[in-house]
Structures are given as structure tokens and as C-alpha cells.
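Asker: Provided below are the primary sequence and the corresponding predicted coordinates.
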Amino acid sequence: MSSDIDNIFDKAAKGKSLIKNDQALKIDYVPEKLPFREQEEKTLAQVLSTTFRSARPSNLFLFGEPGTGKTAVVRKVVEKLEKKAKELKTNVKVVNVNAKGASTAYKVLYEIAEYIGLNQEDKTKRVPFTGLSIGEATSRILQFIQKKELSVILVIDEIDSLVDKSGDDILYSFTRANQQMIEGGFIALIGISNSLDFKDKLDPRVRSSLSEEEMVFKPYTIDQLREILHERSKIAFNHGAISEGAVNLCSAMAGREHGDARKAITLLRVAAELAERENAVKVDEKHVRAAQEKIEKNAPYDVLKDAPTHMKLVVLAIAKTKDPYTGDVYDTYTSLCRHLEQEPLTQRRVTQMISRLDLLGIVATDVVSQGRYGRSQKIRIKIPLATVKEALKEDFASLID
DNA sequence: ACTCCACAGGAATAACCGGGCG
DNA sequence: CGCCCGGTTATTCCTGTGGAGT
């Protein structure tokens, strides 16, 4: 046991660990070179270059499946732009918001205010953490931009979740603001979206002004993924610390659905962590497989573990009901509630939770019509029962058999 | 061809919370 | 302090519907 520990220390001391640069395997790492995206980089840079002529660049709209390099391309180009802007001492501000991370529209506005320096600058017209109406916050931001004659590049990642949450009003006011701010500053919007049909959800006016310029990111092919991983492992790993087979397997696994580079790299990272932990000399296929398993198992476990009580009860009810349809599940759920002396929620709420669980990937639902016997949802649990038990045993030890 | 089950899932509304504002 | 604002959870009420049984 203690020799293991010694081993770890020895290895670390000798600098013999597998990983040379762990940053390079993080999801938000942007490498110097983005293979197969040179064209996109160029186009983006072209569009944004008008900033230096003090003109507003076209709004830009990027889509593509997750892990196709949208965010990476934008980050890279925008970083360079910022650097250049600093050299030239222009008033360019780049704002990066991830709409998914910021849980509400208001938080998005708050972050924008932080980034452009409004909140440091002006005490009476700042955008506080909460308390203002959306409209007031928006207009304070716009006024500040105009007053300071800022050139703002506003990057909104996962823009679809912003619109889902609070509609396109904000986007509308931003795009419209541009038409009014002929003098002074401007906002150029860069929207990034994973879903291709997102545009249909928008108000036509917003749609046309948001996508003055569009770019579609195609999924990577398996060969391309391999190349990407190859490049990345050169940065991340010490020489010989990763086998060819591991790289190939990662790319194959990540490419199975659609070429998702993020998934491929996460896979590689977790595999490397596992390999390090067991003191292996190099990362190979076995670790990749283990990593895959770990990733699949862990995500739902975490969600479930700190879900609200009734959500857990619903999951438990689904697990306990055999051949679960909504009605049966609701029955078991109410009896579970009685058992725990909890007031049961309405069926409406429970169906909402089930569709939420569907979204989270914990269950799968199918609307099935059984003719005479009505129309209902057939529910399947997508994660292993053991995981469910593990996640819920703290709360309902007595109910789990 | 018609009926009618057993729900799905939208809309309106209420209750509550956290947090700034005057 | 009470008030406003937006978010989230939950309820109530509702309209819509695929297809087995008749």
C-alpha cells in the first residue's frame, strides 16, 4: 500500500507522469491550431475585421452539432481580435456569455454588464445582481455602450437555451439597438447554437438581423477526429505515454453518432486519469473503455443524487413499477408518498417531471396509444438500476430492496 | 365509422423565494 | 421597511388525440 504511494510520489518527482500538460485536455482549452477549421477561422476573422474600420461587423450565426469546434473557433479568433485591439488601443470589448451556464436571461445581462465594465464604472446606472426589470437592464447597457462609444462583440454560446428560457426579446432589443446607434458604439452579435432548427423559433425580424452571416459546422469524420486527438496528445502527453490504439478507439467511439471532438477529448482525458491512477506506463484501449463506462455511469448519478425529493420519488416509482405507464407510475408514486407521509404532487406535475427526466437522459418515453385503453407514455429507465439505487439510498434507504 | 379511454401537454394562475431599490 | 422583479414550483383547468373495441 505505502509502496504504491511512494510510487506515485517517485513518479511525480521524476516527472514521469503520463500527462505533460493537463490543461490541454480540458474542454475549454483552445489549441493554437484547430485542424480542419481553417476556412471557418478565416471567414470569421474576415467578418470581424471591419471592427478596425470602426464599422459594425455583420451579426453572425453559427450552428452545428456539439463538439464541432464552433466555440473553439470563435474563442480563438476573438482572442486574437482582442489582442490586436489592445495594441491599437481601440475601444473593443468582447463579451463571452454561455447562455446555458447563466441560468436566466437576466444573468446574461448581468454578465454583459460586468464584462463591459459598466458595473465598475457607474454606480447609479449599474446592473445589479438582481432586482431590475429586463428592459431596464438592457437599456442601461445600451446607454453605457453608446456613451462610451464601445465596440462590443457579444458572443452568446448555446443561444438556443437563452431563447427557450425567455424568448427572443433580448436579442430583438440588441439587434434593434444597432439601427439606432449610428453614432457611438455598436454591438455585433455572434450566436452559437447546437440545434439546426433553432432559427425557426425566432421572430422573423430577429432572425434576419441575427443571421446576416451564417456558418454551418459539419461534424468531424472519424479520420479527422483521429488527427485532432493526435495533435492534442502531442501537447498533453509525454512521449510514448499514449498508444496508437487508444487514440483510434477514442475517435471511433466519439465518431459513432456524429463527430464530436469534445466527447473524444473528454474520453481521452478520463482514460488518462484512470491510467495514471493505476500507475500504468501508457494509456491504452482498456483505459478508454473504462473511461467510456465511467462517463456514462457518472452523469446521471450526479443529477439524480441532488435532485429534489419528489423527483427522486418519481424515479423510484418508475423503477418499482413494472411495465410503467404514466398512470401506474403515478399510483406507485402516491403510495410511496403516503408511506413517507409526504403530500403527493399532482399528476400534471409528475408528467412534467417525467419529461424533464427524459430531457436529462435518465428515462426514455414513448407516447403509445392503446386504443380503447387510452393514450399514455411508456417509460423506460435508461440507466442501470444499480445506479438508481446508489443515488437514492441515502434518502430512502427503507424503500429500496 | 364512430366512440371514448387515459392520458399528453398548453395556458393561466398562484405561492413562494432571493435580492435590489427607495 | 414594504415593494418590485424575475425565477421556480405547483395547481387548476383545459383541449387534443391514436386507435381498439363496438
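Answerer: Yep, that arrived.

Asker: what residues does chain A put near DNA strand B?
Answerer: Within chain A, the positions near DNA strand B by CB under 7 Å from any atom of the strand are A:126, A:128-132, A:325-328, A:347-348, A:351, A:354-355, A:365, A:367, A:371-377. From N, CA and C alone the C-beta is placed, and that goes for glycine too.

Asker: Number of residues surrounding the residue in chain A positioned nearest to DNA strand C?
Answerer: Here the residue of chain A nearest DNA strand C is residue A:371; by CB to the nearest atom of the strand that distance is 1.8 Å. If you count neighbours by other CB atoms under 10 Å, residue A:371 ends up with 6.

Asker: now swap in residue A:34 and tell me
Answerer: Counted by other CB under 10 Å, the residues lying close to residue A:34 total 19.

Asker: Check the secondary structure at it for me.
Answerer: Using DSSP: H, G, I helix; E, B strand; the rest coil, the structure places residue A:34 in coil.

Asker: So what does it look like in phi/psi?
Answerer: phi -110, psi 100 (degrees, to the nearest 10).

Asker: Buried ones from the residues of chain A next to DNA strand B, can you make that a PyMOL selection?
Answerer: To isolate the buried ones among these in PyMOL, judged by 16 or more other CB atoms under 10 Å, type:
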select buried, chain A and resi 126+132+325+326+328+351+354+365+376+377
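
Asker: Next step: the residues of chain A next to DNA strand B restricted to strands.
Answerer: A:365, A:367, A:375, A:376, A:377 (DSSP state E).

Asker: Once you drop chain neighbours, what's closest to residue A:338?
Answerer: Counting by CB to CB, 6 or more residues apart in numbering, residue A:344 is the residue found nearest to residue A:338 once chain neighbours are left out, at 7.6 Å.

Asker: Could you measure from the closest residue to DNA strand B within the stretch 101-250 of chain A over to residue A:141?
Answerer: The stretch 101-250 of chain A approaches DNA strand B most closely through residue A:131 (2.7 Å), counting by CB to the nearest atom of the strand. Residue A:131 sits 15 Å away from residue A:141 when distances are taken as CB to CB, to the nearest Å.

Asker: Nearest to residue A:397, out of the ones in strands among the residues of chain A next to DNA strand B: which one, please.
Answerer: Of all those, residue A:397 sits closest to residue A:365, with 28.2 Å by CB to CB.

Asker: circling back: what about the residue of chain A closest to DNA strand C, distance to residue A:365?
Answerer: From residue A:371 to residue A:365 the distance is 19 Å (CB to CB).

Asker: related to what we said a few turns ago, ok, now which ones touch the residue of chain A closest to DNA strand C?
Answerer: By CB atoms under 8 Å, 6 or more residues apart in numbering, the contact list for residue A:371 is empty.

Asker: again, but for residue A:44
Answerer: A:60, A:73, A:74, A:77, A:215.

Asker: same question, residue A:282
Answerer: A:18, A:240, A:241, A:242, A:243, A:275.

Asker: Let's see that with 7 Å instead.
Answerer: For residue A:282, the contact set (CB atoms under 7 Å, 6 or more residues apart in numbering) comprises A:18, A:240, A:241, A:242, A:243.

Asker: Surely the first one touches residue A:276?
Answerer: Yes. Under the contact definition of CB atoms under 7 Å, residue A:18 touches residue A:276, with a separation of 5.5 Å.

Asker: now check stretch A:113-131, is it near DNA strand C?
Answerer: Yes. Applying CB under 7 Å from any atom of the strand, one finds stretch A:113-131 touching DNA strand C at A:130, A:131.

Asker: how many neighbours does residue A:346 have?
Answerer: The number of residues packed near residue A:346 is 9, by other CB under 10 Å.
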